[in-house]
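Peer 1: Fold the following for me, if possible:
(2 chains)
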Protein chains: 2
Amino acid sequence: MTSPLAQRVLDGEHRAAARLMRLADDGAPAARQALTELFPHTGNAYILGVTGNPGSGKSTLVNRLIKSFRATGSTVGCIAVDPTSPFSGGAILGDRVRMQEHADDPGVFIRSVATRGHLGGLSRSTPAMIQIFDAMGFDVIIVETVGVGQDEVDIVRFADTSLVVLVPGLGDDIQADKAGLMEIADIFVLNKADRPGIKRLEREVRTMLSLHRAAADGQTTRPPICLTTAATGDGLPLLVEAIDDHRQSLQRQDRRQRSLTQQAHLIRAIARTELEILFEETATAPQFSALVADVVDGTTDPFTAADAFLAALLRRNDV
Amino acid sequence: MTSPLAQRVLDGEHRAAARLMRLADDGAPAARQALTELFPHTGNAYILGVTGNPGSGKSTLVNRLIKSFRATGSTVGCIAVDPTSPFSGGAILGDRVRMQEHADDPGVFIRSVATRGHLGGLSRSTPAMIQIFDAMGFDVIIVETVGVGQDEVDIVRFADTSLVVLVPGLGDDIQADKAGLMEIADIFVLNKADRPGIKRLEREVRTMLSLHRAAADGQTTRPPICLTTAATGDGLPLLVEAIDDHRQSLQRQDRRQRSLTQQAHLIRAIARTELEILFEETATAPQFSALVADVVDGTTDPFTAADAFLAALLRRNDV
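Peer 2: Residues are numbered from 1 along each chain as shown, chains lettered A, B, ... in the order given. Coordinates of the predicted model:
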């Protein structure tokens, strides 16, 4: 028995998909029901993660990749996780406008979703959106993230192929290292390659890779490094080739083992997102203010208060 | 009734303090007991947070600040939260070695503590260490962090005065913005000010500040921006003056209101750290592997599995 909403999503109705995404964002029980029904219809899409800082040009890059996939006849669903920072908001809005050029193509479905808070993190609907696009039959799903926080890293690891986009002169490599992205990238994209500092960036990435991958047991292959200028299209054919090569290489891997790893990361991402929502709900409840006052008044200490906070969080989940 | 361990910490014994820190890191019940006993003896230290990327020179800067505090007769406890990244490990080890020059001064106690995982995050003992230094009677406590993740941001907000250290040419400003540090810095330190790009960095920080602080209601004062070259000491006197000014300005604030805000952030940091430990324990338990296999075998879906994961995490806390 498939619910009408799930059936309409399976029939490929964009409006039904958008509605389910909104319900998922609200944590509605109807959304959970529909997602459970859609799950048996998933697992067919090729999922491409693209992570890069605001200003890395990743939206322009993604736009070019969408065109490239469309040229080979593949349909593309794209989820762009936008940080809600007032500083970067403008630039990203511009990117979204640029993406509107696919608006008339039913083979492309682009959804932009805000980060959970202004400090980043996946909104509740991101994993749901991936499942919905997959069940709708999109051949390729591109998930564009900024790469802040563990839940975003988990989504990147869920992808079949992960691109990490770095730009010269911004210290992106150190940042990517700090965020743990160096270990998980399948392909490095050094974008804005016409800028000064590109050679230095390439050298630094190679140094970091040799350190990391030497430490990781069994990882003998180094991810390719592609130099691109997304604005002009320079280097795009080589990047598309590198993506194809990685996709081919997945065929040679143990399918079950790979699914186990991927689903583990997806479950982690979903659970972590729910947990963060519970955390913030607990921290904004009136009981928390009372707890803090108790610490300030000296009737309890911060460690005991943190225990009480956790107990309240756990009770909240039972409701 | 004070336990012998807590009493020895109150007596200022460095060895007892180090032992309690280790117990706290292990989550030992004896540590909790001792921390509860120490709490009434806290609240007297001035807490200075220093956040900056690996390579920002913040350890050199902290070393100079320690000397400056010592010159005025203040005792200093310093907690350096080190990322465990293989790439940055070397440089940071060097910084630690440099800090050894205070080894013979009983008025300085420096502890380095690893991040929880290679993706950053506070180790369990960081909030405990602050309380211990405070109860021991150190006049100043410096907490040095890299600023990854929400729990680190919470510790920065717990500090009385927060420095955010940025370096030209590394995109530190964009990164600090992404991490939410722009909103919470009391003083910006633009270090390595002898490098090219310092003017541009200063301009960018001013632009970001005008955007952020305009958005935040009631925040009319802009934090000072200090240019320093920690390696030579250039600009240090002005930074010390800015720190003093901020410390003085705290006296004019509502003491209770400030305590409520600070303790709320401390409780959040402690609770979040415990929750992250529960999360990782749950994700590495055999039951999680079974759950993932159920998803891969199609007997459940990732959303239902995430629910089961959370239920297991919550049960784990009850034990």
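Peer 1: in chain A, which segments are predicted with low confidence?
Peer 2: Low-confidence segments of chain A, defined by pLDDT under 70: A:82-100, A:115-122, A:148-149, A:170-171, A:174-175, A:178-179, A:212-220, A:317-319.
Peer 1: Helices of the stretch 201-319 of chain A, residue ranges please.
Peer 2: Along the stretch 201-319 of chain A, the segments classed as helices by DSSP state H, counting those that start in this stretch run A:236-251, A:255-283, A:286-296, A:302-318.
Peer 1: how about these in a markdown table, adding mean neighbour count and distance to A:Met208?
Peer 2: Any C-beta I mention is one placed from the backbone N, CA and C, and that applies to glycine too. Shown next, in a markdown table, are those (neighbours: other CB atoms under 10 Å in any protein chain shown; distance: least, CB to CB, whole Å):
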| stretch | mean neighbour count | distance to A:Met208 |
| --- | --- | --- |
| helix A:236-251 | 15 | 19 |
| helix A:255-283 | 20 | 22 |
| helix A:286-296 | 17 | 41 |
| helix A:302-318 | 19 | 36 |
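Peer 1: Which one of those helices lies nearest to A:Pro223?
Peer 2: Ranking these by proximity to A:Pro223 (CB to CB) places helix A:236-251 first, at 8.4 Å.
Peer 1: Which residues does that closest one contact?
Peer 2: Under the contact criterion CB atoms under 8 Å, 6 or more residues apart in numbering or on different chains, helix A:236-251 has outside partners A:46, A:48, A:64-65, A:68, A:160-161, A:163, A:186-187, A:189, A:224, A:226, A:228, A:230, A:258.
Peer 1: buried subset of those?
Peer 2: The neighbour count (16 or more other CB atoms under 10 Å in any protein chain shown) marks A:46, A:48, A:64-65, A:68, A:160-161, A:163, A:186-187, A:189, A:224, A:226, A:228, A:230 as buried among these.
Peer 1: Mark which of these are part of helices, please.
Peer 2: For these, the ones inside helices are A:64-65, A:68, with DSSP state H as the criterion.
Peer 1: thinking again about what came up before, for the contacts of helix A:236-251, which one is nearest chain B?
Peer 2: A:Arg258 (9.7 Å; CB to the nearest CB).
Peer 1: circling back: from the contacts of helix A:236-251, which is closest to B:Ile155?
Peer 2: Closest to B:Ile155, out of all of the contacts of helix A:236-251 and judged by CB to CB, is A:Leu163, at 32.8 Å.
Peer 1: can I assume the closest one is in contact with A:Gly49?
Peer 2: Yes. The criterion here is CB atoms under 8 Å, and A:Leu163 meets it with A:Gly49 at 6.7 Å.
Peer 1: Tell me the spacing between A:Leu38 and A:Ala128.
Peer 2: 9 Å (CB to CB, to the nearest Å).
Peer 1: same check, this time on A:Ile110
Peer 2: For A:Ile110, the distance to A:Ala128 (CB to CB) stands at 16 Å.
Peer 1: So for the two, which sits in the more crowded spot?
Peer 2: More crowded of A:Ile110 and A:Ala128, by other CB atoms under 10 Å in any protein chain shown: A:Ala128, with 25 against 20.
Peer 1: Show the contacting residues for that one.
Peer 2: Applying CB under 8 Å, 6+ apart to A:Ala128 gives the contacts A:20-21, A:24-25, A:31, A:35, B:303.
Peer 1: can you tell me which of those residues are in helices?
Peer 2: Filtering the contacts of A:Ala128 for helices - DSSP H - leaves A:20-21, A:24-25, A:31, A:35, B:303.
Peer 1: hang on, the earlier thing: could the contacts of A:Ala128 go into a markdown table alongside distance to B:Leu250?
Peer 2: Shown next, in a markdown table, are the contacts of A:Ala128 (distance: CB to CB, whole Å):
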| residue | distance to B:Leu250 |
| --- | --- |
| A:Leu20 | 50 |
| A:Met21 | 46 |
| A:Ala24 | 45 |
| A:Asp25 | 40 |
| A:Ala31 | 47 |
| A:Leu35 | 50 |
| B:Phe303 | 47 |
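Peer 1: By neighbour count, which of those residues wins?
Peer 2: For the contacts of A:Ala128, neighbours tallied by other CB under 10 Å; top is A:Leu20, 27 neighbours.
Peer 1: Settle this for me: that one is touching A:Leu10, isn't it.
Peer 2: No. Using CB under 8 Å, A:Leu20 is not in contact with A:Leu10; the gap is 10.9 Å.
Peer 1: Okay, and A:Glu144 sits in which element?
Peer 2: Using DSSP states H and E, A:Glu144 falls within strand A:140-145.
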